[in-house]
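S.K.: Return atomic coordinates for the entry below.
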Amino acid sequence: MKSDELRHFLLSIPHFTQLGSGDLVALERSLEIRTVEDGHVFFEQGDAADGVYLVLSGQVAVDHTRSSGHTMEVNRMVERELFGILALLDDIPRTATCTAEGETTVGYLPNHLFWTLAGTRANIGYPFQRVLARQLAKDFRVASARIDSLLEG
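M.R.: Here you go, the predicted structure:
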């Protein structure tokens, strides 16, 4: 993906529409673009949380393996969505395995570059915080519904 295409793509994501051109250029330069084949594992549950990914094309299956050994798909990330975002919160191991479904292109942002950007360009940190808050709220709602279902059943 060319530089101007990536900048246009970033502007098509609602969370990034408020970024100025300087912030967009800084974010674009910090993203490592990776195109992978079907079945590529971006990270496995238990791996060190070292960065966040933005789906540029394709999709990513998010699977969680329970202590019983049963694996279930908990989410599917598509174009314009971030995954691995909890890595920005703390250094705990990954809570899921993320695998490419078909050829997939992502932008990878290592934690250290995110914190450098957020420290020097505060406007860049805000969209990530918003996505993180929404993901945590969604996860809470899903967990709450599962608890209710278990208690009722």
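S.K.: tell me what the lengthiest helix in the chain is packed against?
M.R.: Taking DSSP state H as the criterion, the chain has its longest helix at helix 122-152. Other helices and strands packing on helix 122-152, by 3 or more C-beta pairs under 8 Å, 6 or more residues apart in numbering; DSSP states H and E, are helix 21-30, strand 82-83, helix 111-120. No exception for glycine: its C-beta is placed from N, CA and C like everyone else's.
S.K.: Go again with 7 Å.
M.R.: helix 21-30, helix 111-120 (3 or more C-beta pairs under 7 Å, 6 or more residues apart in numbering; DSSP states H and E).
S.K.: between those helices, which one is nearest to residue 65?
M.R.: Nearest of those to residue 65, taken as C-beta to C-beta: helix 111-120 at 23.7 Å.
S.K.: From the rest of the structure, what touches the closest one?
M.R.: For helix 111-120, the surrounding residues in contact (C-beta atoms under 7 Å, 6 or more residues apart in numbering) are 26, 27, 30, 50, 51, 52, 87, 88, 124, 125, 128.
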